[in-house]
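Peer 1: Please work out how this folds:
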Amino acid sequence: MSDEQKQLLEEIKPLLELEDRRSLALVLRSQRSSDIAEVVEVVDDDWRRLIFDTMETPIAAEVLEKVNEATRAKLFDVLEDHEVQKIVSELDYDDAADLLAEMPEEIADQAVRSLPAADRLEIHKLLRYSEDSAGGIMDPLVISVSEDATLTEAVTKIRAAEIDEDFYSVYVVNRDGRFVGDVRLRLLLTRPENARIGDLIETDTIFVTTDMDQEEVRNIFSKNDLIVVPVLDKDHKLVGRITADRVIEVAEEEAAEDLYVMAGTDPDELETFSAFHAARIRMTWLLPCLLGTGVTAIVMTLFKTYNPAIYVAAAAFVPMIAAISGNAGLQTSAIVVSGLATGHLAALKLTTVFTREVRIALLVALSCATLGAVACTILIYTKVPEEAIQPIRLAFAFGTAMFSAIMVATTLGLFLPFVFRRIGIDPAISSGPLVTTANDSISVAIYMALAVSLAV
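Peer 2: This next block holds a predicted model:
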């Protein structure tokens, strides 16, 4: 919360305590909806009720849209059904569709039924698309003209259009309604009034399709410095547009989602304040990890029958092997996942990425193996009787195991994101605790096998 938002909270606290609705309304009327949303997130339900009682419906709609998902879920319980319906009617179609998707089904149905038939039709069109697709995040309100129209006819249509959002170009369609290109606004202002729109078209206009993933849409905006992009259906007909501000929201959502997955949880955790709900989501990830660490323990016990002195000395270095190899694999997977998410690696062949990452892994593995072997030698010479084990052999086993474990972990970190992406699973999972736990078991098995075989 910024200083301005803290100041706003301190200013309205006495008014909320006194339930002075008139003064509260005057204060909130001059505030940004984003600042009010921040305040709504930190107050209790009673104060949220007072705040929404004093706001006009358009501002209330903006605030409801901008609060986080957990707060929004609370507000659906605080607000009356008729208030939710008024708020939905104030939103743009794309924002209304997003909000309806989060509502309890009964409240959402009532809100949709309260809308005019034309609005219901547009919202139902949006709800058909996946929420993570271009169709799911687009604004269906666009201005289009026929390629046969004159500049005067196009300007007349723009003036008559009921659209509140800014627009930067006019989209052009042919007689069949298929998208042809766009015409920049500056051309409408600088060309003769009788000029034909078809002669002013930029035919190389970048567009996206309704089934395109929102992450790919974000990458297209980033690579081409776009402000807005048209959305076409499978028949190449214009059905909507996506603006840069919507893509910024998508980027934030995708980044947060990847971060949660890599940390071993789920964005669904943010949908409620319930500690039980959050704990349940986290345990769905932690239980497999618990089983994975059990596998590591079993691996350790399998080597217990060998020379006890070697086993004890080797076991002391297991955490180092697991931690270093795991982190090395995590670094590789994080780089690959980030590259795939931003599109920087999407155009590269796997062999190109493999060549680069393997060279890096070789240098890292050699460095860690050498330094680890030296540390291992020093510790063994100072702490373990030389007649019990052969320190040089154990150090060699440790170095060899460290090198092997890092190379295996790096290979997993490199290939798994590509494999997951190919089969339709979020590549960020490859950097999560499940894969890290599996890598620990593999690296420990490699190390213990080399230790007991080389150190005797």
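Peer 1: can you pull out the helices in the stretch 101-250 of the chain?
Peer 2: With DSSP state H, counting those that start in this stretch, the ranges of helices along the stretch 101-250 of the chain come out as 105-113, 117-127, 134-137, 151-160, 185-190, 214-224, 244-263.
Peer 1: Least confident of those, on average?
Peer 2: With a mean of 74, helix 244-263 has the lowest mean pLDDT of these.
Peer 1: Leaving out chain neighbours, which residue sits closest to the residue most central in space within the chain?
Peer 2: Among the residues of the chain, the one closest to the centroid is residue 254, at 1.5 Å (C-alpha atoms, centre = their mean). Excluding the flanking residues, the one nearest residue 254 by C-beta to C-beta, 6 or more residues apart in numbering is residue 215, at 5.5 Å. All C-beta spots, glycine's among them, are computed from the backbone N, C-alpha and C.
Peer 1: tally of neighbours for that neighbour?
Peer 2: When counting by other C-beta atoms under 10 Å, one arrives at 19 neighbours for residue 215.
Peer 1: Mind naming the longest helix for this structure?
Peer 2: Secondary structure of the chain per DSSP state H: the longest helix is helix 350-383.
Peer 1: any low-confidence regions in the stretch 251-400 of the chain?
Peer 2: Counting by pLDDT under 70, the stretch 251-400 of the chain contains low-confidence ranges at 256, 258-275, 277, 285, 305-310, 341-350, 380-391.
Peer 1: what number of residues lie near residue 37?
Peer 2: With other C-beta under 10 Å as criterion, residue 37 counts 19.
Peer 1: right, and it touches residue 61 too?
Peer 2: No. With contact defined as C-beta atoms under 8 Å, residue 37 does not count as touching residue 61 (11.3 Å).
Peer 1: How much space separates residue 38 from residue 9?
Peer 2: 8 Å (C-beta to C-beta, to the nearest Å).
Peer 1: An error on my part: the question was meant for residue 425.
Peer 2: 42 Å.
Peer 1: So for the two, which residue has more residues nearby?
Peer 2: Using other C-beta under 10 Å as the criterion, residue 425 and residue 9 rank with residue 9 on top: 16 against 13.
Peer 1: Grab the nearest non-local neighbour of the more buried one.
Peer 2: Nearest non-adjacent residue to residue 9 (C-beta to C-beta, 6+ apart): residue 39, at 5.1 Å.
Peer 1: partners of the closest residue to residue 211 other than its chain neighbours in the sheet?
Peer 2: Distance criterion C-beta to C-beta, 6+ apart; nearest residue to residue 211, sequence neighbours excluded, is residue 133 at 5.7 Å. Beta-bridge pairing of residue 133 under DSSP bridges involves residue 213.
Peer 1: how many neighbours does residue 133 have?
Peer 2: Residues near residue 133, counting by other C-beta under 10 Å: 19.
Peer 1: so it sits right up against residue 208, yeah?
Peer 2: No. Checked against C-beta under 8 Å, the pair residue 133 and residue 208 is beyond contact range at 9.5 Å.
Peer 1: re earlier: packed most tightly, which of the helices of the stretch 101-250 of the chain would that be?
Peer 2: Comparing the helices of the stretch 101-250 of the chain by mean neighbour count (mean count of other C-beta atoms under 10 Å), helix 134-137 comes out on top with a mean of 25.
Peer 1: list the helices and strands that one packs on?
Peer 2: helix 214-224, strand 238-243 (3 or more C-beta pairs under 8 Å, 6 or more residues apart in numbering; DSSP states H and E).
Peer 1: Nearest to residue 368, out of those?
Peer 2: Closest approach to residue 368 among the helices and strands packed on helix 134-137 (C-beta to C-beta): helix 214-224, 33.9 Å.
Peer 1: ok, back up a step: the residue nearest to the centre of the chain and residue 216, how far apart?
Peer 2: Counting by C-beta to C-beta, the gap from residue 254 to residue 216 is 11 Å.
Peer 1: Same question for residue 246.
Peer 2: Taking C-beta to C-beta, one finds residue 246 at 14 Å from residue 216.
Peer 1: follow-up on the earlier one: from residue 353, how far off is the residue nearest to residue 254?
Peer 2: Counting by C-beta to C-beta, the gap from residue 215 to residue 353 is 18 Å.
Peer 1: do residue 415 as well
Peer 2: Following C-beta to C-beta, the distance that separates residue 415 from residue 353 is 10 Å.
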